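Novice: the following comprises the amino acid sequence and a computationally predicted model.
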Amino acid sequence: MINAQQRSDHQVAEYIADRHEFRKAELTLPDGRSFGSVEEQWQSEHIWKPLDERLEDGQWRYRLVYFELARGHAKSFSGAAEALTTAFFEQNANIYIAAVDKQQAEICFAHLSGMVRRNPRLAGSVDLGRWVATVKATGSTITVLSSDAASSYGLGGTGQAFIVIADELAMWANRDFFDALWSATGKVSMWRFIVLSNAGFDKQGLAWTLREQARTEPWAYLYAPEGIQASWLSSEWVEQMRSTLPPEVFMRLIENKWTEGSGSFITRTMLDTCIDPQWSPQLFGSGRTRYVAALDLGLVHDRTALAVCHMEAGQPTLDYLRVWEGNQAQPVSIEAVEDELLAVSRRFRLRKMFFDPWQLQASMQRLRRKLPVTEFRFTAESVRRLSEALYTAISTGRMRFYPDKELESELLALNAVQKGYGWRVDHSSGSYSDRAMAIGMCLTELLNRPTGSILNAIRFPGDVFRKAPSAANKPKKITIPPTKPERRSRLRCVASTARYFDRNKDRWLTWYFGDTDWIAESQANSLLETGDFELLETKKPKKVQL
């Protein structure tokens, strides 16, 4: 059984009599605390107790164990903990942690390897490979698999026990992976299938079918409470999730309730908050504002949309939107689109332009010489990020649109559609989403950067600020005189001191700029959000001979 070289016989006997004592004493969290010191009652009663129950012949009481919990309830950690416990107490067991994809598989293995490395006693008893962990004393192995890997047929039958821990089952794209694992349980008499998942959205699918079996069969166990059970998830976090997730997604992920496959993406009230009647389409960029553009191309069946956006004082803003619509007889002209891209780049001095290279490979090769082109490939992950960025910007009221009836109609007709890999924004039959896609592509760039005037780092020549005469006056934006990039190696900043008043700290602060200081204009402008300033002077950089 367990390697007892560094343990007392009494302690080993205690672990054999009650495996949960092993979990509580030997498994540690990333912060160094033992699992037993933080375990909560719902975990003891509804997770570990059912897993440890046995029949008189030594078989597990529950062959199928289904845990359905909201996000943040340490499901992956629990799966890794059970795998490690089983490997220490079962001889020659084949244990498989089956994840939804490679990324989730890496998370599962990180939990497993972390538990081993954080405890020297375990580290000396376990060999860790790339995706496999082996307990030396028992010969049991733990292998982490992903559902997007090659065929898993052929697993099982090589050990005395076969255990599968299926992580995030509701998100598995299809049931082929499950069928291969489930059908392998018949190869040995000692087998078990453990499911860790959120509530799902497809009651005709695999997760619901297995869940109902766990609910009704005497040899299976289901624990599926609605809402938050873990005390470590704060009410503030729950409200943050409520404000940034579509209602159906929030119900499923946070409230742990089964939902339908889709629902309205946003509400009229959300959108109205983002429409600024004083704002209008812009034909030209201004100053040193950093503009980004994105193109969603549809030649025949869909429309083509080009959006230009920028960030201003933490608010993503739509500046320009152009739409083309083609048909079978007269598809959208790629030449016309290219001409517009070049024109927009000149008018707004674009820093980045995004578009999917599909259907535009030749255009990208031509335009790369003239435009700051960046590929945006429409993958499951990129569309999920795009959808989250668009929803967050609108639902929180941060987004700024000018009045545009067609854009408003398109946004209100969108749905939040739940897929096997997560959720995404999509249009219903007969409607379009091209404008939304183009704007969302811009937002994935803007919302991943600091707030304020988003600019690349430039040479700061030592501007000096003082408190504005009136605290009620709106702070003025800093405009930093440009230096020529090609001469940057021959320019040196004049050392100077900036003095400004920070109302958060209620005192004057001093900022010294030396010969080699670099600063982004966005950082300088961020100061204006905490105090009132006006520009006094600009010291020109001196030309030096290097």
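Specialist: It's in.
Novice: quick one, what contacts Trp423?
Specialist: 246, 249, 384, 387, 416-417 (Cβ atoms under 8 Å, 6 or more residues apart in numbering). Bear in mind the C-beta positions are built from the backbone N, C-alpha and C, glycine included.
Novice: kindly reformat the residues you listed as TSV containing pLDDT, distance to Ile107 and neighbour count.
Specialist: Formatted as TSV, these follow (pLDDT from 0 to 100; distance: Cβ to Cβ, whole Å; neighbours: other Cβ atoms under 10 Å):
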residue	pLDDT	distance to Ile107	neighbour count
Pro246	82	24	25
Val249	83	20	22
Arg384	84	17	16
Ser387	89	22	25
Ala416	78	25	21
Val417	73	25	20
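Novice: which one of those is nearest to Leu222?
Specialist: Nearest to Leu222 out of the contacts of Trp423 is Val249 (Cβ to Cβ; 22.9 Å).
Novice: any idea what sits nearest that closest one, other than its immediate chain neighbours?
Specialist: Nearest residue to Val249, sequence neighbours excluded (Cβ to Cβ, 6 or more residues apart in numbering): Trp423, at 5.1 Å.
Novice: which helix or which strand is home to that neighbour?
Specialist: Taking DSSP states H and E as the criterion, Trp423 maps to strand 422-427.
Novice: which other helices and strands contact the following helix or strand past that strand?
Specialist: As assigned by DSSP H and E, the chain's next helix or strand after strand 422-427 is helix 434-446. For helix 434-446, the elements it packs on are strand 291-296, strand 303-312, strand 315-325, strand 352-355, helix 380-395, helix 405-412, judged by 3 or more Cβ pairs under 8 Å, 6 or more residues apart in numbering; DSSP states H and E.
Novice: dump those into JSON lines; add distance to Cys274 as well.
Specialist: As requested, these are exported to JSON lines (distance: least, Cβ to Cβ, whole Å):
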{"stretch": "strand 291-296", "distance to Cys274": "18"}
{"stretch": "strand 303-312", "distance to Cys274": "13"}
{"stretch": "strand 315-325", "distance to Cys274": "9"}
{"stretch": "strand 352-355", "distance to Cys274": "21"}
{"stretch": "helix 380-395", "distance to Cys274": "6"}
{"stretch": "helix 405-412", "distance to Cys274": "9"}
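Novice: what about Leu145, distance to Ala166?
Specialist: Shown here: Leu145 relative to Ala166, a distance of 10 Å by Cβ to Cβ, to the nearest Å.
Novice: now for these two: what residues contact both?
Specialist: Ala98.
Novice: and the two? which has more neighbours close in?
Specialist: Remark: of Leu145 and Ala166, Ala166 carries more neighbours, 27 against 23, as counted by other Cβ atoms under 10 Å.
Novice: just to revisit the earlier point, okay, the helices and strands packed on helix 434-446, which one's buried deepest?
Specialist: Highest mean neighbour count among those (mean count of other Cβ atoms under 10 Å): strand 291-296, with a mean of 26.
Novice: residues contacting that strand, please?
Specialist: By Cβ under 8 Å, 6+ apart, the list of residues contacting strand 291-296 reads 285, 302, 304-310, 319, 337, 341, 344-345, 348-356, 360, 376, 434-435, 437-442, 445-446.
Novice: for Ala166, phi and psi?
Specialist: phi -90, psi 110 (degrees, to the nearest 10).
Novice: return the set of buried residues in stretch 24-32.
Specialist: 24-28 (16 or more other Cβ atoms under 10 Å).
Novice: how about stretch 272-280?
Specialist: Buried-residue list, stretch 272-280, by 16+ other Cβ under 10 Å: Cys274.
Novice: output it in PDB with nothing but the alpha carbons.
Specialist: Extracted as PDB, the C-alpha positions of stretch 272-280 are listed here (Å, rounded to 0.1, in the frame of the first residue of the first chain):
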ATOM      1  CA  ASP A 272     -29.600  53.200 -24.700                       C
ATOM      2  CA  THR A 273     -27.000  53.800 -22.000                       C
ATOM      3  CA  CYS A 274     -24.200  53.600 -24.600                       C
ATOM      4  CA  ILE A 275     -25.700  55.900 -27.200                       C
ATOM      5  CA  ASP A 276     -24.400  59.500 -27.100                       C
ATOM      6  CA  PRO A 277     -26.700  61.800 -29.000                       C
ATOM      7  CA  GLN A 278     -23.900  64.400 -29.100                       C
ATOM      8  CA  TRP A 279     -21.500  62.000 -30.800                       C
ATOM      9  CA  SER A 280     -21.500  61.500 -34.600                       C
END
